[in-house]
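Sequence first, then the predicted structure, then my questions.
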Amino acid sequence: MQTVILCGGLGTRLREETEFRPKPMVPIGTHPILWHIMKIYAQYNHKEFVLPLGYKGEMIKDYFVNYEWMTNDITLKLGAPETLRCHNCNDEADWTVTLANTGANSQKGSRIKQIEKYITGDTFMMTYGDGVANVNLDALLDFHHSHGKIATLTGVSPGNQFGELQIKDSQVTSFREKPEAGQNNFVNSGFFVLNIKIFDYLTFDENCDFEYGPLENLARQGELMVYKHEGFWGWMDTIRDTERLNAMWNSGKAAWKTW
């Protein structure tokens, strides 16, 4: 089962960092947040990743192309690059990473549609490239298979600064990404499980969004379910969020570190 991690956005609210690199490459400790997200999935043996790239996507490509010799001790002979030898094997040696160019200006729905050709089964996982959590992915997947709907998202209850989900018996009846006012209960944190029927709701048009339109339509049709996560969820939306996640990691209290 592939795991899609959306990596193409501009990250405009984190301009202090994203002026120089794509948001998924903003570091927590010595590794980008993208690595932390992938480690969460790998802990549950989901190690086949598809990354739709956009803004400064070449930096993400460079990170993975050079991952082995940047993270291991190496020996090489100058003038004979083919002799390069890595001395230690990292825990990520069995990961498969597909890096897909999906356009600098594409919205999320278009990006997802463009990687349809890399999805080999009838179900795949997906999340955003800027959030970490200690979600039980086995339980999430079991929940998705139990209801037979097209889409499951993971709902969390962090406060009232995000979009609101209207929920009845674990079914999302209304999806509002940015409500004007109101008390939030559960909001969308990502960590989706999706049936390939989701691609029928998407187009290649770069203006095709994911939350506005497709998820709203799924909710109206009774095809969007929520897995309620009561544990930790941390997002990287501003420089303050970045500092908070780094403080947790550096103090050894990173709740998302399940590996």
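Received it, and whenever you're ready, just let me know what you need. Numbering: from 1, shown residues only.

if I look at His229, how far off is Ile196?
Noted for His229: a distance of 24 Å to Ile196, by C-beta to C-beta, to the nearest Å. Where you see a C-beta, it was placed from the backbone N, CA and C, and this is true even at glycine.

if you count what's nearby, which of the two comes out ahead?
Neighbour count, other C-beta atoms under 10 Å: between His229 and Ile196, His229 has more, with 20 against 14.

residues in contact with the more buried one?
His229 makes contacts with 133, 135, 154-156, 189, 191, as judged by C-beta atoms under 8 Å, 6 or more residues apart in numbering.

tell me the pLDDT at it?
Per-residue pLDDT puts His229 at 96.

in its sheet, what does the helix or strand of the chain at the bottom of the mean pLDDT ranking sit against?
Sorting the helices and strands of the chain by mean pLDDT, DSSP states H and E puts strand 164-168 at the bottom, at a mean of 74. The strands that strand 164-168 pairs with in its sheet are strand 171-176 (antiparallel) (by DSSP bridges).

what's the distance between the strand it pairs with and the middle of its chain?
With C-alpha atoms, centre = their mean, to the nearest Å as the basis, strand 171-176 stands 21 Å off its chain's centre.

Who are the packing partners of the next helix or strand after that strand?
Per DSSP states H and E, the first helix or strand lying C-terminal to strand 171-176 is strand 187-188. Packing partners of strand 187-188 (3 or more C-beta pairs under 8 Å, 6 or more residues apart in numbering; DSSP states H and E): strand 151-156, strand 164-168.

which residue ranges form the helices in this protein?
Taking DSSP state H as the criterion, the chain contains helices spanning 15-18, 33-43, 57-65, 67-71, 108-114, 137-147, 216-220, 239-250.

how about those helices, which one is nearest Thr203?
With C-beta to C-beta as the criterion, Thr203 lies closest to helix 108-114 of the helices of the chain, at 6.1 Å.

mind showing which ranges of the stretch 51-200 of the chain have poor pLDDT?
158-164, 176-184 (pLDDT under 70).

Tell me how many other residues surround the closest residue to Ile239 other than its chain neighbours.
Nearest in space to Ile239, with sequence neighbours left out and distances taken as C-beta to C-beta, 6 or more residues apart in numbering, is Glu16 at 5.0 Å. If you count neighbours by other C-beta under 10 Å, Glu16 ends up with 11.

go on, Ile167?
By other C-beta under 10 Å, neighbour count at Ile167 equals 18.

Let me know whether it touches Phe186 as I believe.
Yes. Here Ile167 lies in contact with Phe186, judged by C-beta atoms under 8 Å, at a distance of 6.2 Å.

list residues touching both of the two?
155, 226.

Most remote residue from the middle of this protein, which is it?
Gly79 (40.2 Å; C-alpha atoms, centre = their mean).

And Asp209, how far from Asn188?
13 Å.

Neighbour count: the two, which is higher?
Each of Asp209 and Asn188 has its neighbours counted (other C-beta under 10 Å); Asn188 has more, 23 against 17.

Spatially nearest residue to the more buried one (excluding sequence neighbours)?
Using C-beta to C-beta, 6+ apart, the closest residue to Asn188 is Leu153 (5.2 Å).
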